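# The amino acid sequence is not available; the structure is as follows:
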(Lines give C-alpha, C1' and ligand atoms only; values in the text may rest on other atoms or scores of the structure.)
Protein backbone atom coordinates (compact mmCIF):
# COMPACT_ATOMS: atom_id res chain seq x y z
CA UNK A 1 0.00 0.00 0.00
CA UNK A 2 1.36 3.40 -0.93
CA UNK A 3 1.53 6.24 1.54
CA UNK A 4 1.92 9.38 -0.59
CA UNK A 5 0.73 11.91 1.98
CA UNK A 6 2.98 10.47 4.67
CA UNK A 7 5.86 10.37 2.21
CA UNK A 8 5.52 14.01 1.16
CA UNK A 9 5.17 15.18 4.76
CA UNK A 10 8.24 13.19 5.72
CA UNK A 11 10.29 14.81 2.96
CA UNK A 12 9.38 18.29 4.23
CA UNK A 13 10.14 17.29 7.81
CA UNK A 14 13.70 16.29 6.93
CA UNK A 15 15.10 19.80 7.34
CA UNK A 16 13.83 20.29 10.88
CA UNK A 17 14.87 17.03 12.52
CA UNK A 18 17.51 15.45 10.31
CA UNK A 19 18.79 12.55 12.42
CA UNK A 20 15.40 11.06 13.35
CA UNK A 21 13.72 11.89 10.06
CA UNK A 22 16.51 10.33 7.99
CA UNK A 23 16.00 7.05 9.82
CA UNK A 24 12.23 7.31 9.37
CA UNK A 25 12.60 8.06 5.67
CA UNK A 26 15.00 5.15 5.24
CA UNK A 27 12.54 2.78 6.92
CA UNK A 28 9.66 4.06 4.80
CA UNK A 29 11.63 3.70 1.54
CA UNK A 30 12.67 0.16 2.46
CA UNK A 31 9.04 -0.73 3.16
CA UNK A 32 7.86 0.55 -0.24
CA UNK A 33 10.28 -1.30 -2.54
CA UNK A 34 12.67 -4.25 -2.49
CA UNK A 35 15.53 -2.27 -4.00
CA UNK A 36 18.47 -3.43 -6.07
CA UNK A 37 21.81 -3.86 -4.30
CA UNK A 38 25.34 -3.54 -5.64
CA UNK A 39 27.92 -5.12 -3.33
CA UNK A 40 31.53 -3.98 -3.29
CA UNK A 41 33.53 -6.71 -1.59
CA UNK A 42 36.95 -5.30 -2.48
CA UNK A 43 36.26 -1.62 -1.78
CA UNK A 44 37.92 0.23 1.07
CA UNK A 45 35.14 2.83 1.06
CA UNK A 46 31.77 1.33 0.11
CA UNK A 47 30.32 -1.95 1.35
CA UNK A 48 27.07 -1.81 -0.63
CA UNK A 49 24.63 0.55 -2.33
CA UNK A 50 20.94 -0.25 -2.66
CA UNK A 51 18.77 1.73 -5.06
CA UNK A 52 15.04 2.21 -4.57
CA UNK A 53 12.31 3.67 -6.74
CA UNK A 54 9.19 4.81 -4.91
CA UNK A 55 6.12 6.25 -6.58
CA UNK A 56 3.03 7.84 -5.11
CA UNK A 57 -0.59 7.68 -6.20
CA UNK A 58 -0.03 10.64 -8.55
CA UNK A 59 2.65 8.63 -10.37
CA UNK A 60 5.48 10.86 -9.12
CA UNK A 61 8.65 8.83 -8.85
CA UNK A 62 11.32 9.31 -6.22
CA UNK A 63 14.74 7.69 -6.42
CA UNK A 64 16.89 6.83 -3.44
CA UNK A 65 20.27 5.28 -2.77
CA UNK A 66 21.08 3.71 0.58
CA UNK A 67 24.84 3.62 0.99
CA UNK A 68 26.70 1.51 3.51
CA UNK A 69 30.30 2.54 4.12
CA UNK A 70 32.97 0.04 5.11
CA UNK A 71 34.30 2.27 7.88
CA UNK A 72 31.14 2.20 9.99
CA UNK A 73 28.74 -0.21 8.24
CA UNK A 74 26.08 2.44 8.91
CA UNK A 75 23.56 3.17 6.15
CA UNK A 76 22.88 6.65 4.81
CA UNK A 77 20.08 7.71 2.48
CA UNK A 78 20.39 9.97 -0.55
CA UNK A 79 17.60 11.15 -2.84
CA UNK A 80 19.15 10.77 -6.28
CA UNK A 81 18.23 11.26 -9.93
CA UNK A 82 16.54 8.71 -12.19
CA UNK A 83 19.78 7.71 -14.00
CA UNK A 84 21.96 7.41 -10.91
CA UNK A 85 21.44 3.66 -10.57
CA UNK A 86 22.44 3.04 -14.18
CA UNK A 87 25.46 5.35 -13.99
CA UNK A 88 26.66 3.84 -10.72
CA UNK A 89 26.24 0.32 -12.07
CA UNK A 90 28.53 1.09 -15.00
CA UNK A 91 31.47 2.24 -12.82
CA UNK A 92 31.25 0.66 -9.38
CA UNK A 93 33.23 -2.49 -10.29
CA UNK A 94 36.25 -0.36 -11.18
CA UNK A 95 35.95 1.76 -8.02
CA UNK A 96 32.89 1.89 -5.80
CA UNK A 97 34.31 4.89 -3.95
CA UNK A 98 34.87 6.90 -7.13
CA UNK A 99 31.44 5.93 -8.45
CA UNK A 100 29.91 7.09 -5.15
CA UNK A 101 31.67 10.47 -5.33
CA UNK A 102 30.74 10.93 -8.97
CA UNK A 103 27.12 9.79 -8.99
CA UNK A 104 25.67 9.77 -5.44
CA UNK A 105 27.52 12.29 -3.25
CA UNK A 106 26.51 15.29 -5.44
CA UNK A 107 22.92 14.66 -4.27
CA UNK A 108 23.84 14.91 -0.57
CA UNK A 109 22.20 18.31 -0.13
CA UNK A 110 18.78 17.03 -1.23
CA UNK A 111 18.18 15.40 2.15
CA UNK A 112 21.33 16.20 4.16
CA UNK A 113 21.25 12.64 5.50
CA UNK A 114 24.77 11.67 4.42
CA UNK A 115 27.88 11.89 6.59
CA UNK A 116 30.05 15.00 6.68
CA UNK A 117 33.30 14.35 4.89
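Cool, the structure landed. From a predicted model like this one, the values you see are computed outputs, not experimental measurements.
# Quickly find the element holding residue 25.
helix 18-32 (DSSP states H and E).
# And that helix, what does it pack against?
Judged by 3 or more CB pairs under 8 Å, 6 or more residues apart in numbering; DSSP states H and E, helix 18-32 is in contact with helix 4-13, strand 46-55, strand 61-69, strand 75-80. The C-beta positions use only the backbone N, C-alpha and C, and glycine is treated the same way.
# how close does residue 66 sit to residue 52?
For residue 66, the distance to residue 52 (CB to CB, to the nearest Å) stands at 7 Å.
# so what sits against both of those two?
The contact sets of residue 66 and residue 52 overlap at 29, 30, 35 (CB atoms under 8 Å, 6 or more residues apart in numbering).
# could you dump the residues you listed to CSV with neighbour count and pLDDT?
Conversion of the shared contacts of residue 66 and residue 52 to CSV gives the following (neighbours: other CB atoms under 10 Å; pLDDT from 0 to 100):
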residue, neighbour count, pLDDT
29, 23, 95
30, 17, 95
35, 17, 96
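# Looking at the residues you listed, which is nearest residue 62?
Proximity of the shared contacts of residue 66 and residue 52 to residue 62 (CB to CB) peaks at residue 29, which lies at 8.2 Å.
# Relative to the centre of the protein, find the outermost residue for me.
residue 58 (21.6 Å; CA atoms, centre = their mean).
# quick check, that residue in a strand?
No. Counting by DSSP: H, G, I helix; E, B strand; the rest coil, residue 58 falls outside a strand, being coil.
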